[in-house]
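A.B. asks: I'll drop the sequence and a predicted model, then ask my questions.
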Amino acid sequence: MPEINQQTIADRLGLSRATVSRCFTNHAGISPVTRAKVFQTAAEIGYTHMETRTPSAKRTKKKVRFNVLICSDTDEYFRGGYESPGEQILAGVSEYAQSHGARVDVNLIPPDVKDLDDPAFLKVEGLVKREASGILLIYPFPEPVIDQLALRFPLVSLVDQLEHNSIDCVDVDHYYGISSVIDHLIEAGHQRIGFYTKTYQVEASWSYRRYSAFMEKMARLKLKVSAKDVIGMFPRESVSLPASISEAAERTRQGVTAWVCAADHQAYDLIRGFKKEGLAVPKDVSVTGFDGIERVGSGPSLTTVQIPFREIGMTGAERLAARLRKRFHGKQHIYISGKLRSGKTVAPPLG
């Protein structure tokens, strides 16, 4: 098996070995985006940066070390097709770390892992040796994992953990984003609007919050929502992706003129599925997303909510640093507003 080292990362990214090395030492001349790509690739291939430990009379304090844990399978996280939100969040984390002299380690943890004794966690040096100063969480983690981590480290989640009261959170303002999407659809003439999402291996708190925002906004506008026009959310039964798309197509033929999707990747799946069903977007039906993720390749630009991922990453790192200074300070939830980005997937309804 070939040795995994910094040259491996350099070859994968088309960078010089020196550039990769400078990413791990927070060199001021490296951009946060490049540093984030290096951190991600290191996590993908299982590379752990080891600092040279030499005695020094000048060393007066321990260096702050942030461990970033990403709850995702490797294939899913790097599957491509659109920009990675995690990479943009990491850019913000690395920007804060560089300016404050903190070290950042990144590790991918599969969603089915539910115990810190699992090999996926045992390979994370900062956790096993208790060398991590604090932990930043990207994407929802199983509750048992959160409970165990919260007993050992200060935690800040960069996606809200549903009903967990022991950690800080920095996230997007879900209501503001969904409200702006629906206002945009109303202005285009839509009245019967459906909501589309899917279930995930780890309960997606953001999906619930966006659904809640959808129902609140529709109630405020006094627009009725049929239970059959909500797909992928309790109490509706969970179905496969092809089945959910077929159901959305059938509801469209029965009068739904626009679909609000809980995430951009869901919207891209729905648009692609509608095409196979003989429905054109936006001619026959409008579709919106949420995240602001650029799609790779052809297809209409998506009307969506642009999440300030980089700002969330930087604010999360800043909040974790504050928790390190005051370990048992009261928890905080910080919500940052996204911005509506109008694309070419919304048009006035037919007729």
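C.D. replies: Received, thanks. Residues are numbered from 1 along each chain as shown.
A.B. asks: only C-alpha atoms for contact and neighbour calcs from this point on.
C.D. replies: OK.
A.B. asks: who does Ser157 bridge with?
C.D. replies: Leu137, Cys169 (DSSP bridges).
A.B. asks: number of residues surrounding it?
C.D. replies: Residues near Ser157, counting by other Cα atoms under 10 Å, number 26.
A.B. asks: separation between it and Leu320?
C.D. replies: 9 Å (Cα to Cα, to the nearest Å).
A.B. asks: I'd guessed Val172 sits against Tyr335; true?
C.D. replies: Yes. The pair Val172 and Tyr335 qualifies as a contact (Cα atoms under 8 Å) at a distance of 5.0 Å.
A.B. asks: and Gln88, how many neighbours?
C.D. replies: Around Gln88 there are 21 residues (other Cα under 10 Å).
A.B. asks: got it, and Ile334?
C.D. replies: 17.
A.B. asks: need the contact list for it.
C.D. replies: By Cα atoms under 8 Å, 6 or more residues apart in numbering, the residues touching Ile334 are 169-171.
A.B. asks: bridge partners for it, pull those for me.
C.D. replies: Val170.
A.B. asks: hang on, the earlier thing: higher neighbour count, Val172 and Tyr335?
C.D. replies: In this view Val172 and Tyr335 are compared by other Cα under 10 Å, and Val172 has more residues nearby, 24 against 14.
A.B. asks: wait, what's in contact with that one?
C.D. replies: Neighbouring residues of Val172 by Cα under 8 Å, 6+ apart: 307-308, 312, 335-338.
A.B. asks: quick one, which of those residues are buried?
C.D. replies: Using 16 or more other Cα atoms under 10 Å as the burial test, these include 307-308, 312, 336-338 as buried.
A.B. asks: where do the contact lists of Ser157 and Leu320 overlap?
C.D. replies: Residues touching both Ser157 and Leu320 (Cα under 8 Å, 6+ apart): Leu136.
A.B. asks: what ranges in this protein fall below the confidence cut-off?
C.D. replies: Residues of the chain that meet the criterion pLDDT under 70 lie in 1-2, 26, 28, 49-62, 79-83, 162-163, 296-297, 327-329.
A.B. asks: helices along that one, start to end?
C.D. replies: With helices called from DSSP state H, the chain shows them at 6-13, 17-24, 32-45, 74-77, 85-100, 119-122, 125-128, 143-150, 174-187, 205-220, 241-253, 264-276, 309-325.
A.B. asks: make JSON lines out of these and add distance to Tyr196.
C.D. replies: Putting the helices of the chain into JSON lines (distance: least, Cα to Cα, whole Å) gives the following:
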{"stretch": "helix 6-13", "distance to Tyr196": "36"}
{"stretch": "helix 17-24", "distance to Tyr196": "40"}
{"stretch": "helix 32-45", "distance to Tyr196": "30"}
{"stretch": "helix 74-77", "distance to Tyr196": "20"}
{"stretch": "helix 85-100", "distance to Tyr196": "20"}
{"stretch": "helix 119-122", "distance to Tyr196": "33"}
{"stretch": "helix 125-128", "distance to Tyr196": "38"}
{"stretch": "helix 143-150", "distance to Tyr196": "25"}
{"stretch": "helix 174-187", "distance to Tyr196": "13"}
{"stretch": "helix 205-220", "distance to Tyr196": "9"}
{"stretch": "helix 241-253", "distance to Tyr196": "8"}
{"stretch": "helix 264-276", "distance to Tyr196": "8"}
{"stretch": "helix 309-325", "distance to Tyr196": "23"}
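A.B. asks: nearest to Ile109, out of those?
C.D. replies: Checking the helices of the chain against Ile109 by Cα to Cα gives helix 119-122 as the closest, at 6.2 Å.
A.B. asks: quick one: which of the contacts of Val172 sit in strands?
C.D. replies: Among the contacts of Val172, DSSP state E puts 335-336 in strands.
A.B. asks: any chance of the contacts of Val172 in a markdown table, plus distance to Gly14?
C.D. replies: Below are the contacts of Val172 laid out as a markdown table (distance: Cα to Cα, whole Å):
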| residue | distance to Gly14 |
| --- | --- |
| Ile307 | 29 |
| Pro308 | 27 |
| Ile312 | 28 |
| Tyr335 | 36 |
| Ile336 | 34 |
| Ser337 | 35 |
| Gly338 | 33 |
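A.B. asks: tabulate the CA atom coordinates of stretch 246-261 in CSV.
C.D. replies: What follows is stretch 246-261, C-alpha atoms only, in CSV (Å, rounded to 0.1, in the frame of the first residue of the first chain):
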residue,chain,number,x,y,z
SER,A,246,-43.3,10.1,-9.5
GLU,A,247,-45.6,11.2,-6.7
ALA,A,248,-44.5,14.9,-7.2
ALA,A,249,-45.1,14.6,-10.9
GLU,A,250,-48.6,13.2,-10.3
ARG,A,251,-49.4,16.0,-7.8
THR,A,252,-48.2,18.5,-10.4
ARG,A,253,-50.6,17.1,-13.0
GLN,A,254,-53.3,17.5,-10.4
GLY,A,255,-52.6,21.2,-9.8
VAL,A,256,-49.5,21.9,-7.9
THR,A,257,-47.7,24.6,-9.9
ALA,A,258,-44.5,25.0,-7.8
TRP,A,259,-42.4,22.9,-5.4
VAL,A,260,-40.3,24.3,-2.5
CYS,A,261,-37.4,21.8,-1.9
